[in-house]
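S.K.: Below are the sequence and a predicted model for it; my questions follow.
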Amino acid sequence: QQWATFGRAWYLLDAKMQPPGKIAAATVIRLEGRHKPIYHALNDCGDHVVIINTRHIAFSGNKWEQKVYSSHTGYPGGFKQVTATQLHLKDPTAIVKLAVYRMLPKNLQRRTLMQRLHLFPEDVIPEDIEKNLLQEIPQPRVVPKRLDEYTPEEVAAFPKVWTP
Amino acid sequence: MAAPSLLRGGLRRIFSGLLGSGWAAPPARALRQVVEVTEGNTTTIEGRIIEEAEAPPPPNPSGQCPICRWNLKHKYDYVDVLLLSQFIRSDGGMLPRRITGLCLEEHKKVAVCVQMAHRAGLLPNHRPPLPEGHIPKKPKLNRYLTRWPVRSAKPIWKRGPKWCKKPFPVGHPLLKDNVKYTQKPLCLNH
């Protein structure tokens, strides 16, 4: 029975209409193993996390235009600065990957924990991963309903605040 | 509520022979339906008043603007589309203050919430009519709580060191007095 507590679980997280920061915070907790009472930094008790729909991520505020991801290739004149929109169009999983990477503790375990993270831009998951999944992590942000998603009864039940 | 085929304002009626006497004046402000009736060579265009059911009395009838009367002063947000949709036209613009009867600060708050709801994509049917249509669409990115219009925001190339970072504006300062349902303080700059 002791082997069952130390086993690695697979969690699923749907990132549709969610802010990548909160997604990263939830995954980092699971990847490190802080959600388990047997947590210790030295025993390798992290779990796998599969994030789907990373293409449909939502940033609050104007961060799509204002957030800049910068990197340097090491060569002179190699300072690259890319806005979040451009990066997302080039690679839909990059924003979440960078968010999780920068939230993990800056130690040698970071690379191994990143290998336990699996990102998919759409709903499509390979079969072997789908069979492994155990539980779904609840979404951090409550997604608001659009006006056409309300039923006509709800629309009619809402009182009119002023009359023409 | 916001359909272009409904006429407001004065009645337009073309009489052909008949004159009504002892006829009470219709209410000055009501939603009217345009009805066109063609009888032979006479066309009657009439604005028929739509009879609407009596609304239940608001909880606080002594308020000045509809939001005070319904006790919603600090309780609505960009998410409450059912409330916001009562103050917009069919193409997404705001109705004027003299029509809706809102106080200036509430009108501004509702305008800001409506803008945020539009940018979040919560009002898909209130778009302005485009004749030709921009067929090669730009990729639609999900966003919420945007303070500035999408095309006007410039990238922040240098955010600065940790002690003086340039913040990302989120939400709007007009909405900072809203009722909080969590213990966390409302963060307007991320």
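M.R.: Thanks, I have it. In this text, all values refer to a predicted model and were calculated from it rather than measured experimentally.
S.K.: From here on, just use CA atoms for contacts and neighbour counts.
M.R.: Noted.
S.K.: Enumerate the residues of chain B near chain A.
M.R.: Counting by Cα under 8 Å from any Cα of the partner chain, the residues of chain B lying close to chain A are B:29-31, B:55-56, B:66-67, B:70, B:79, B:81-83, B:86, B:99-101, B:121-125, B:141-148, B:150, B:153-157, B:168-171.
S.K.: Now which of these would you call buried?
M.R.: Members of the residues of chain B next to chain A that pass the buried threshold by neighbour count (16 or more other Cα atoms under 10 Å in any protein chain shown) are listed as B:30-31, B:66-67, B:70, B:79, B:81-83, B:86, B:100-101, B:121-123, B:141-148, B:155-156, B:168-171.
S.K.: Isn't A:A99 up against A:A24?
M.R.: Yes. Using Cα atoms under 8 Å, A:A99 makes contact with A:A24 at a distance of 5.9 Å.
S.K.: The two: which has the busier surroundings?
M.R.: Counted by other Cα atoms under 10 Å in any protein chain shown, A:A99 and A:A24 do not tie: A:A24 has more neighbours, with 23 against 17.
S.K.: how close does the more buried one get to chain B?
M.R.: Taken as Cα to the nearest Cα, to the nearest Å, the spacing of A:A24 relative to chain B amounts to 16 Å.
S.K.: Just the element for the closest residue to that residue other than its chain neighbours, please.
M.R.: Counting by Cα to Cα, 6 or more residues apart in numbering or on different chains, A:A24 lies nearest to A:V100, which is 4.8 Å off, once chain neighbours are set aside. Taking DSSP states H and E as the criterion, the element that holds A:V100 is helix A:94-103.
S.K.: now do A:L87
M.R.: A:L87 belongs to helix A:84-90 when elements are defined using DSSP H and E.
S.K.: Mind listing residues that contact that helix?
M.R.: Taking contacts as Cα atoms under 8 Å, 6 or more residues apart in numbering or on different chains, the residues outside helix A:84-90 that touch it are A:R55, A:K63, A:W64, A:E65, A:Q66, A:K67, A:V68, A:Y69, A:A94, A:I95.
S.K.: Tally up the residues packed near the nearest residue to B:T146 once chain neighbours are set aside, please.
M.R.: If you skip the residues right next to it in sequence, B:T146 has A:G61 as its closest partner in space, 3.9 Å away by Cα to Cα, 6+ apart. Taking other Cα under 10 Å as the neighbour definition, A:G61 ends up with a count of 25.
S.K.: OK, contacts around A:G61?
M.R.: So, once contact is read as Cα under 8 Å, 6+ apart, A:G61 ends up touching B:R143, B:Y144, B:L145, B:T146, B:R147, B:W148, B:F168, B:P169, B:V170, B:G171.
S.K.: so what pLDDT did it get?
M.R.: The predicted local distance difference test score for A:G61 is 90.
S.K.: Which residues of chain A lie near chain B?
M.R.: Taking Cα under 8 Å from any Cα as the contact definition, chain A meets chain B at A:17, A:56-68, A:81, A:83, A:144-148, A:155, A:158-164.
S.K.: Buried ones from these, can you make that a PyMOL selection?
M.R.: Restricted to the buried members of the residues of chain A next to chain B, where burial is judged by 16+ other Cα under 10 Å, the PyMOL selection command reads as follows:
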select buried, chain A and resi 17+56+57+58+59+60+61+62+63+64+65+66+67+68+81+83+144+146+147+159+160+161+162
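S.K.: So which of the residues of chain A next to chain B are in helices?
M.R.: Among the residues of chain A next to chain B, the members falling in helices are A:K63, A:W64, A:E65, A:Q66, A:V155 (criterion: DSSP state H).
S.K.: between those, which is nearest chain B?
M.R.: Taking Cα to the nearest Cα as the measure, chain B lies nearest A:Q66 of those, at 3.7 Å.
S.K.: circling back to that earlier point, among the buried ones among the residues of chain B next to chain A, name the ones in strands.
M.R.: Among those, the members falling in strands are B:N142, B:R143, B:Y144 (criterion: DSSP state E).
S.K.: in chain B, which residue is closest to the centre?
M.R.: For chain B, B:I88 is the residue whose C-alpha lies nearest the centre (Cα atoms, centre = their mean; 2.2 Å).
S.K.: mind checking how far A:H48 is from A:K36?
M.R.: Counting by Cα to Cα, to the nearest Å, the separation of A:H48 from A:K36 is 13 Å.
S.K.: When the two are compared, which one has more neighbours?
M.R.: Set A:H48 next to A:K36 and count neighbours by other Cα under 10 Å: A:H48 wins out with 23 against 15.
S.K.: Next, count neighbours for A:Y69.
M.R.: Using other Cα under 10 Å, the number of residues around A:Y69 comes to 15.
S.K.: Can you list the low-confidence ranges for chain B?
M.R.: Low-confidence segments of chain B, defined by pLDDT under 70, are located at B:1-30, B:53-55, B:133-139.
S.K.: which helices and strands sit right next to the longest helix belonging to it?
M.R.: The longest helix of chain B (DSSP H) is helix B:104-120. With contacts defined as 3 or more Cα pairs under 8 Å, 6 or more residues apart in numbering or on different chains; DSSP states H and E, the packing partners of helix B:104-120 are helix B:81-84, strand B:142-144.
S.K.: rewinding a little: just put the contacts of A:G61 in JSON lines and tack on distance to A:K131.
M.R.: Compiled in JSON lines, the contacts of A:G61 are given as follows (distance: Cα to Cα, whole Å):
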{"residue": "B:R143", "distance to A:K131": "33"}
{"residue": "B:Y144", "distance to A:K131": "34"}
{"residue": "B:L145", "distance to A:K131": "37"}
{"residue": "B:T146", "distance to A:K131": "39"}
{"residue": "B:R147", "distance to A:K131": "43"}
{"residue": "B:W148", "distance to A:K131": "44"}
{"residue": "B:F168", "distance to A:K131": "40"}
{"residue": "B:P169", "distance to A:K131": "42"}
{"residue": "B:V170", "distance to A:K131": "40"}
{"residue": "B:G171", "distance to A:K131": "41"}
